[in-house]
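In: What would the 3D arrangement of this be:
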Amino acid sequence: MIEQIHEMSTGDEKAIERVIQDENIHYLHMVFNKEEGLPEHFSNSNVYMTVVRGTLSIGLNDQEVHQYDKGTLLKIPVNTKMNVKNLSKSVLELIVVKAPAPLK
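Out: Numbers count the residues shown, from 1 in each chain. Here you go, the predicted model:
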């Protein structure tokens, strides 16, 4: 078999899954319910964030919080302060790709 197979959760429970972490990319799958999210942090690589379902509420650097619906892809540069939350009642599901892969 040439391909590698990776699986992700398909439920509505909170999840932060590191699906692929290699020298090329980090591919993460995240699911957040209302009021859940990530701790505020700085991006350690270029971040490509796809909203698969729900509405993403995100504050970047000193900007006010913006909201993005499913089908939106955000490109966020390295060293950007990020505040990722689900402030809506529906489940938020994200695919996050970090490229190039962070060194740490």
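In: What residues of the helix or strand harbouring M49 count as buried?
Out: Per DSSP states H and E: M49 is located in strand 47-53. Buried residues in strand 47-53, defined by neighbour count with 16 or more other C-beta atoms under 10 Å: V47, Y48, M49, T50, V51, V52. For glycine as for every other residue, the C-beta is placed from the backbone atoms N, C-alpha and C.
In: Could you tell me how far the closest residue to H66 other than its chain neighbours is located from Q21?
Out: Leaving aside its sequence neighbours, H66 sits nearest to I58 (C-beta to C-beta, 6 or more residues apart in numbering; 6.1 Å). Applying C-beta to C-beta, to the nearest Å, the value for I58 to Q21 is 22 Å.
In: These two: who's more crowded?
Out: Just comparing I58 and Q21: by other C-beta atoms under 10 Å the higher neighbour count belongs to I58, 21 against 13.
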